[in-house]
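Enquirer: based on what follows, work out the 3D shape:
(chains A and B)
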Amino acid sequence: MTSRRVFFAAMVAATLASPAWSQAPTEELRVGVLATLEGPLTSLGQEAMRGVRLALSEANNTVAGRRVTLFTGPTNATPDSAINAARRLIEQDRVQIIIGPVSGTEGLALVQFAKQNPGVTFINGTAAAPEATYRDPAENFFRFNADGVMWQAGLGSYAFQAKRFRRVASLVNDYSFGWAQMKGFSLEFCRAGGGIVERLWTPLGTTDFSSLIARIPRNIDALYVMLVGADATNFITQYIQAGAPVPLIAGTNTVDQTVLATLSRPRLREFMIGTPSASPVVDDWTNERYQQFVANYRRMFPDGLPAPASAGLGYYLNTQAMIQALGAVNGDLSGNQARFRQALASTVVDGPAGPVRLDENRQGNATIFVTEVRAAPDGRLFNSFVQAFPNVTQSMGMPREEFMRLGVPARDTIQCP
Amino acid sequence: MTGSLSPKWTGLACLVALVFFPWFATPFWIVQIGAQTMILGIIALSLVWLAGYGGMVSMAQLVTAGLASYVVAYFGVQSDPALGFRLPWGLNIVLAIAAGTAFGIAVGLIAVRCFGIYMIMITLAIAVGFFYLARQNMGFFNAYNGFHGIRAPTLLGLSLRDPIPFYYLCLLCGISLFGFVVAAARTPLGLALQGIRDNPRRMQSLGYNVAVHRVVAFGIAGFIAAIGGVLRVWYAGSVSPGSVGVGSSISILMIAILGGMTHPIGAFVGALLFNLIQNFAIDFIDRERFNTMIGIILLAIILFMPSGLVGLVDRLRQDDRRGDRPPRQTAPNASQQSPKIKEGNHP
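Expert: The predicted model follows:
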């Protein structure tokens, strides 16, 4: 009897006491960060956190006299994990601003979630599904990084003209970011006169690529590969074991440092040299501001990647935007954050690769680089600068209406058989 | 009252507490803990109904709820203009519950000849297959993206997506379905089902159609799970392959085991405990490791309380009675007292 009473008393006490834990109003600024710290994109999530911490440390962790307290919302690249983590950040950690997420589909889910939570401002991390800001955007969702289509600017033309690839097949992660990259690549490659003869799709988190490798057609010049995180490492290893019949053209995350740094065997490295890609980051660009960014990154994270990857840059840009806008309004988040949002919309971020400003849908422009994989004297791989495209806009230089008519990125958006 | 509380009074006290709980709780507690516990509890209730009364452990209950969620999304308002139908809101709920019930019957038809571990395996296979289908299929499930921007409707000027109305909606559904299961267990069907659980061969020879009873039980479980699925999609605002993943299916089994499958209340007790652990483990341990802590707590509970929390309370109550007073009539956790059921069921 006694033990049962104690049991119930404890339950009741716990129920009554616990809401009190999470109520301690303070002057600090509560910022939530969504990052993929589980699942196939873990390496990107860790890199994303470095981007946030770099930007904050440059501001001394203080904005307008208020200390910034970070709350992490770990996700696993699925939209529902992002929603759960965001809900937790808002309702339990009572954050005022959320930075993130990493992955495209997470971003699409979060835009809808943002509409249901008008009291919180959402600043993207690196989620790069274009629809998040061009179809039905949310008033309180801001994106200072480029989207997945923009990230491929210049790659299609470069592959056709400089590399002389005419017929290619594709192997791409089957979700919104993969569709966006495919659209960005085929937009230019098809226009230049190339043909994409076979499109293979594989879910995020694929570990065994043998059946897909067997389906790659033989009579092609190159394979366009857009796999992210652990998928890319797994594929490259298995592709080379299978004889690697044709060279690769790589999507943005497929050859960024989150993947290149994992390729330790000489045979893998040798094969990857010369692989073209396009990305918002480049490892050896001589621009002074950019070199400063790389140097700061290396100093702060000696155990991090050899050079910042796109996830690091994206979170860095978006965090910096938050810091600048908060500074401009002196940390004022009153009135449903109206002044802050106004400031954010007109913020010009002094990005490492050039100034970033938002369009009317709160989407930033970007400098995009066409790169090629090269080996440093010590053998490790990096993305070498080939060409820069400043001020790439969301409609890829086309009139907005015309670009919209190409359709929302999907498996079969731009065809050129 | 100096002695121990009877189940009736305890139940009433719980009910009062549940009804007045939103008066003094924050939205986090009302929705994330309160409403979500009810939703998980309802889905777990469908499993407790099957397992506790029918002896059939189905791993497909979460995907049954998931199908209902997808139907609500596909035939209702969501954010993807390229897909789905915008039916009036009441209609998509009817469709969702019908689809869940039908899916439950279909699972039952497939699994009906299997017992024990084989039934777990075949229903797990269905759940895994459903997950991969949802992840790859563009036409109905919208593949990896799933559906977002789904909102609970506004009813007679009352927005069901506000914390308090939504909580009461979940509470109402939870209590009704709980009552439904308790009542169903005492109907001839429920009693026959319990008989089949304890000795299918004897029931067969008594003239009961074992297969039909089991399939009907699956249909009822599908109906319960579908209601949970409708509430779940309103709660989350989205449904995507991750919502019907194997991990979530196992969570439902975990909830049922935690609470105990000997009484329907176990589903809700388990859901509350599971939900609390999920939400607060992260406060005690660093964010990258909290899943380990959840695992350890669950392991400990299963190790030390094999029949779940309900089993623990039962045991305490029995200790109580032994000390206090002569045993009264047994509590209505029928499934533990199988001999009694068989008596009641003899023609």
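
Enquirer: B:C173 and B:F180, how far apart?
Expert: 10 Å (CB to CB, to the nearest Å). In this view, the C-beta of every residue, glycine as well, is placed from N, C-alpha and C.

Enquirer: which helices and strands sit right next to the helix or strand containing A:T233?
Expert: Using DSSP states H and E, A:T233 sits within helix A:230-241. Counting contacts by 3 or more CB pairs under 8 Å, 6 or more residues apart in numbering or on different chains; DSSP states H and E, helix A:230-241 packs against helix A:210-214, helix A:257-260, helix A:266-272.

Enquirer: chain center to it, what's the gap?
Expert: 21 Å (CA atoms, centre = their mean, to the nearest Å).

Enquirer: tell me the buried residues in that helix?
Expert: A:A230, A:D231, A:A232, A:T233, A:N234, A:F235, A:I236, A:T237, A:Q238, A:Y239, A:I240 (16 or more other CB atoms under 10 Å in any protein chain shown).

Enquirer: return the member of those nearest to chain B.
Expert: Using CB to the nearest CB, A:D231 comes nearest to chain B of the buried residues of helix A:230-241, at 13.0 Å.

Enquirer: wait, the closest one touches A:D174, no?
Expert: No: counting by CB atoms under 8 Å, A:D231 does not reach A:D174; the two are 10.6 Å apart.

Enquirer: give the residues shared as contacts by those two.
Expert: A:T202, A:L204 (CB atoms under 8 Å, 6 or more residues apart in numbering or on different chains).

Enquirer: isn't B:G222 up against B:I105?
Expert: Yes: at 6.4 Å, B:G222 counts as touching B:I105 under the criterion of CB under 8 Å.

Enquirer: neighbour count for these two, which is higher?
Expert: A direct count of neighbours by other CB atoms under 10 Å in any protein chain shown for B:G222 and B:I105 places B:G222 higher, at 31 against 19.

Enquirer: quickly find the element holding the spatially closest residue to that one that is not a sequence neighbour.
Expert: Among residues not flanking B:G222 along the chain, B:G104 sits closest, at 1.7 Å (CB to CB, 6 or more residues apart in numbering or on different chains). Assigned by DSSP H and E, B:G104 belongs to helix B:89-111.

Enquirer: after that helix, which helix or strand is next?
Expert: Once the chain leaves helix B:89-111, the next helix or strand it forms, by DSSP H and E, is helix B:116-136.

Enquirer: stretch B:142-153: end-to-end distance?
Expert: Taking CA to CA, to the nearest Å, stretch B:142-153 runs 22 Å from one end to the other.

Enquirer: could you check that stretch against chain A for contacts?
Expert: Yes: for stretch B:142-153, a contact with chain A is found by CB under 8 Å from any CB of the partner chain, at B:A143, B:Y144, B:N145, B:G146, B:H148, B:G149, B:R151.

Enquirer: I'd like the mean pLDDT over that stretch, please.
Expert: Per-residue pLDDT over stretch B:142-153 has a mean of 89.

Enquirer: show the pLDDT at the nearest residue to A:Q257 once chain neighbours are set aside.
Expert: Once flanking residues are discounted, A:Q257 sits nearest to A:L305: 4.0 Å by CB to CB, 6+ apart. On pLDDT, A:L305 comes in at 92.

Enquirer: relative to B:F147, how far out is A:L305?
Expert: Taking CB to CB, one finds A:L305 at 35 Å from B:F147.

Enquirer: which single residue of the stretch 51-200 of chain A ends up nearest chain B?
Expert: Using CB to the nearest CB, the closest approach of the stretch 51-200 of chain A to chain B is made by A:T78 at 3.3 Å.

Enquirer: which residues does that residue contact?
Expert: A:T78 neighbours (CB under 8 Å, 6+ apart): A:G39, A:T105, A:E106, B:S240, B:P241, B:G242, B:G245.

Enquirer: neighbours around whichever residue of the stretch 101-250 of chain B sits closest to chain A, how many?
Expert: Nearest residue of the stretch 101-250 of chain B to chain A (CB to the nearest CB) works out as B:G242 at 3.3 Å. Applying other CB under 10 Å, we find 27 residues neighbouring B:G242.

Enquirer: pretty sure it is touching A:I83, no?
Expert: No: using CB under 8 Å, B:G242 makes no contact with A:I83, being 9.4 Å away.

Enquirer: show me what contacts the residue nearest to B:G222?
Expert: Listed by CB under 8 Å, 6+ apart, the contact set of B:G104 reads B:T64, B:F218, B:G219, B:I220, B:A221, B:G222, B:F223, B:A225, B:A226.

Enquirer: and if you look at B:L109?
Expert: B:L109 makes contacts with B:V215, B:F218, as judged by CB under 8 Å, 6+ apart.

Enquirer: hmm, try it at 7 Å
Expert: Counting by CB atoms under 7 Å, 6 or more residues apart in numbering or on different chains, B:L109 makes contact with B:V215.

Enquirer: try A:R269
Expert: Here A:R269 is in contact with A:L263, A:A375, A:G379, A:L381 (CB under 7 Å, 6+ apart).

Enquirer: okay, now residue 92: neighbour count?
Expert: Because you didn't say which chain, this covers chain A. A:Q92 has 20 neighbours, counted by other CB under 10 Å.

Enquirer: could you do chain B instead?
Expert: Other residues close to B:N92 by other CB under 10 Å number 25.

Enquirer: B:L158 now?
Expert: B:L158 has 12 neighbours, counted by other CB under 10 Å.

Enquirer: let me know the pLDDT of it.
Expert: 85.

Enquirer: surely it and B:P165 touch.
Expert: Yes: counting by CB atoms under 7 Å, B:P165 is a contact partner of B:L158 at 5.3 Å.

Enquirer: could you point out which residue ranges in the stretch 1-150 of chain B have low pLDDT?
Expert: B:1-5 (pLDDT under 70).
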